[in-house]
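Asker: Sequence plus the predicted model coming up.
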Amino acid sequence: MKRIYLLLTGILVLGTACNNDLDQFPSNIASSETLTDFAGVLNAAYFYQLGAVTPMAVMGEFRSDNAFMAESPYTSFDTFDNDLPTMEDQFFGPFYTALYKSILSANNVIENSANTTEVGEAKFLRALSYFKLVQVFGDVTINLSASPSLTDTSTLVKKPVAEVYSSVIIPDLTDAMGVLGASIVNGRASKYAAQGLLGKVYVTMGDYASAESHLAAVINGAPAAGISLKSTFADVFGADNDLNSEIIFANQISSAIGDEYDFGSDFWNWFVGDDSKSDFPVDADLVAAFDTGDLRKAVTLNVDGKTAIKFPKDGGLGGDHDWIELRLADVILLYAETLNANDNASGAESDTILALLDDIRTRAGLSSLVGTATTQGAVKQAILDERRLELAFEGQRWFDLVRTGTINAEMGQTISSEYHLFPIPISEILASGGVITQNPGY
């Protein structure tokens, strides 16, 4: 059974009762002057990540061509207009609040802990939080203080995405890489979690030149760190397989430790169709995308292809599924995409790049893609198609479509770029007196 590091002491140290009014700056944080041991504060930073799990899962899958909602107003996820703010209480509000609470806890550790490993883990969590925030909302407020002003609302002004990357995400991950060990201990952040996430960040930014060395370092260093692809795809998933060798970083979840929001880490429930808002959530387009003989299909979808079972509820373990943030197959696919962008303008490297996917396809019961694509564009599409099937219902599809500029082609409709992002919670806008502004289109 996995080791759960989310100690109740950590939750109590930074436990907050805030429900609105600038939840990103909760007022009852324990004063850092009273603390000498910041392990509990760090555990709180991990804990608050759980509140973002289900919202990220729903946004990544139900906004895309992998899944759909059947009940109003949740059908707003499948339309591209200004209706999404009605989902604030269940998705955008908890997501926003949970990540800023994690950030504030991380800030406390970074400012005050003398333990370099604790600081490295805190910087990883702060970077992860901001990465999710910019993926979902675009421009956001930056807070790097453990004691932000509760009266100076000018500090809440949203900063451009590029600034969030350059002033927080990239330096934090770079620092974390430098102090964290390569081996994964009890599922906590490690050097390769930070380096792999940094590579993913650069890919998301479109900076493939910077991404390449980081992704390569993770792949090359994986064996010595005990990181490897599972030989059977099904063995990557399910509560009994949490923290397996393929997982580089995951949010550890236990039904014995609830998060702040009753649904916060109940992501699997939406996929298996246990919520009436989407009894049969799987889009037929995803079903059709699996090739005959692809072993991943039976692991990902039920027999009739209407529900997603990658994280099954069988045996009463549904509530114990970890949420996978980064696994080795994801890194390999990103690396292939990066090499294609950097080195394959002529198409001459197509076979070499596609060969990188052989291990992933072999365990899926499929043949190599070598020889099937000869141009840079065709190779890119082949890799993106592979990502869809390999990572289905891991919350990545919508964000892959956004970063690759393939939304219109894959979704079969023209979608305004305003709706590539999600709405800022109205409660935060009101609490800031309008200093925090709504995203265009909402």
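Answerer: Cool, the structure landed. Residues are numbered from 1 along each chain as shown.
Asker: Could you use CA atoms for every contact and neighbour count after this?
Answerer: Noted.
Asker: Report pLDDT for the spatially most central residue of the chain.
Answerer: In the chain, the centroid-proximal residue (CA atoms, centre = their mean) is E325; its distance is 5.1 Å. With respect to pLDDT, E325 scores 98.
Asker: these two touch, right, I415 and D78?
Answerer: No - the pair I415 / D78 is not scored as a contact, 11.2 Å apart, by CA atoms under 8 Å.
Asker: quick revisit: give me the next element, helix or strand, following the helix or strand encompassing the residue nearest to the centre of the chain.
Answerer: Per DSSP states H and E: E325 is located in strand 323-327. Under the assignment DSSP H and E, the closest C-terminal helix or strand after strand 323-327 is helix 328-343.
Asker: what comes up buried for that next one?
Answerer: 328-341 (16 or more other CA atoms under 10 Å).
Asker: who's in contact with the helix or strand that it is followed by?
Answerer: Using DSSP H and E, the helix or strand that follows helix 328-343 in sequence is helix 350-354. Residues from elsewhere that reach helix 350-354, judged by CA atoms under 8 Å, 6 or more residues apart in numbering: 336, 339-340, 344, 368-371, 373-376, 379, 383.
Asker: Could you tell me which of these are located in helices?
Answerer: With helices defined by DSSP state H, the entries of the contacts of helix 350-354 inside them are 336, 339-340, 376, 379, 383.
Asker: first vs last residue of stretch 246-266, how far apart are they?
Answerer: End-to-end distance for stretch 246-266: 22 Å, by CA to CA, to the nearest Å.
Asker: how distant is it from the center of its chain?
Answerer: Stretch 246-266 sits 13 Å away from the centroid of its parent chain (CA atoms, centre = their mean, to the nearest Å).
Asker: what pLDDT, on average, does it get?
Answerer: 82.
Asker: Other residues contacting it?
Answerer: 4, 46-55, 94, 184, 187-189, 192-193, 227-230, 236, 243, 318-329.
Asker: mind redoing it with 6 Å?
Answerer: Residues outside stretch 246-266 that contact it (CA atoms under 6 Å, 6 or more residues apart in numbering): 50-51, 53-54, 193, 227-229, 319-320, 322-328.
Asker: need the contact list for A146.
Answerer: Neighbouring residues of A146 by CA under 6 Å, 6+ apart: 104, 107-108.
Asker: How about the secondary structure of I248?
Answerer: Assigned with DSSP: H, G, I helix; E, B strand; the rest coil, I248 falls in the strand class.
Asker: How many neighbouring residues does it have?
Answerer: By the criterion of other CA atoms under 10 Å, I248 has 33 neighbours.
Asker: Pull up the gap between it and P148, please.
Answerer: From I248 over to P148 (counting by CA to CA), the distance is 32 Å.
Asker: pLDDT weak spots in the stretch 1-150 of the chain?
Answerer: 1-35 (pLDDT under 70).
Asker: Give me the spatial nearest neighbour of M205, chain neighbours excluded.
Answerer: R403 (7.6 Å; CA to CA, 6 or more residues apart in numbering).
Asker: quick one: what helix or strand has the one you found in it?
Answerer: Assigned by DSSP H and E, R403 falls within helix 397-404.
Asker: quick one: buried residues of the helix or strand that comes right after that helix?
Answerer: Next helix or strand after helix 397-404 toward the C-terminus (DSSP H and E): helix 407-411. Under the neighbour-count criterion of 16+ other CA under 10 Å, helix 407-411 has 407, 411 buried.
Asker: mind checking how far helix 407-411 is from the chain centre?
Answerer: Relative to the centre of its chain, helix 407-411 is centred 21 Å away, using CA atoms, centre = their mean.
Asker: now swap in stretch 49-62 and tell me
Answerer: Distance of stretch 49-62 from its chain centroid, counting by CA atoms, centre = their mean, is 8 Å.
Asker: Tell me the one of the contacts of helix 350-354 nearest Y202?
Answerer: The shortest gap between Y202 and any of the contacts of helix 350-354 belongs to L339, at 13.1 Å (CA to CA).
Asker: and the ones in helices among the contacts of helix 350-354 as JSON lines, adding distance to H214 and pLDDT?
Answerer: Formatted as JSON lines, the ones in helices among the contacts of helix 350-354 follow (distance: CA to CA, whole Å; pLDDT from 0 to 100):
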{"residue": "A336", "distance to H214": "13", "pLDDT": "98"}
{"residue": "L339", "distance to H214": "12", "pLDDT": "98"}
{"residue": "N340", "distance to H214": "15", "pLDDT": "98"}
{"residue": "Q376", "distance to H214": "22", "pLDDT": "98"}
{"residue": "V379", "distance to H214": "21", "pLDDT": "98"}
{"residue": "I383", "distance to H214": "19", "pLDDT": "98"}
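Asker: hey, where'd the helices end up in the stretch 1-150 of the chain?
Answerer: For the stretch 1-150 of the chain, the helices defined by DSSP state H, counting those that start in this stretch cover 8-13, 39-48, 53-62, 93-112, 116-137.
Asker: Report the next helix or strand after the longest one in sequence order.
Answerer: It stands for helix 116-137. Using DSSP H and E, the helix or strand that follows helix 116-137 towards the C-terminus is helix 161-164.
Asker: Can you get me a residue count around S416?
Answerer: Using other CA under 10 Å, the number of residues around S416 comes to 12.
Asker: And the pLDDT for it?
Answerer: If you check S416, the pLDDT there is 97.
Asker: now the one 4 residues further on
Answerer: Confidence per residue is given as pLDDT, and for H420 that number is 98.
Asker: so what's it closest to, chain neighbours aside?
Answerer: Nearest to H420 is V402, by CA to CA, 6+ apart, at 6.5 Å.
Asker: N269 too?
Answerer: D275 (6.7 Å).
Asker: Distance-wise, check the one you found relative to F267.
Answerer: Distance, D275 to F267, by CA to CA: 11 Å.
Asker: Could you check which of those two has the larger neighbour count?
Answerer: Neighbours were counted for D275 and for F267 using other CA under 10 Å; F267 has more, 25 against 13.
Asker: What separation do you get for the more buried one and G441?
Answerer: Plainly put, F267 is 27 Å away from G441 if you go by CA to CA.
Asker: Kindly report the same for Y96.
Answerer: Distance, Y96 to G441, using CA to CA: 19 Å.
Asker: who's more crowded, these two?
Answerer: Shown here are Y96 and G441; by other CA under 10 Å, Y96 has more neighbours (24 against 15).
Asker: Now stretch 56-72: buried residues?
Answerer: Along stretch 56-72, these residues count as buried under the neighbour rule (16+ other CA under 10 Å): 56-70.
Asker: Farthest-apart pair in those, please.
Answerer: Within the buried residues of stretch 56-72, M56 and A70 form the most distant pair, 18.9 Å apart (CA to CA).
Asker: Please identify the buried residues of stretch 178-192?
Answerer: By neighbour count on 16+ other CA under 10 Å, the buried set for stretch 178-192 is 179-184, 187-192.
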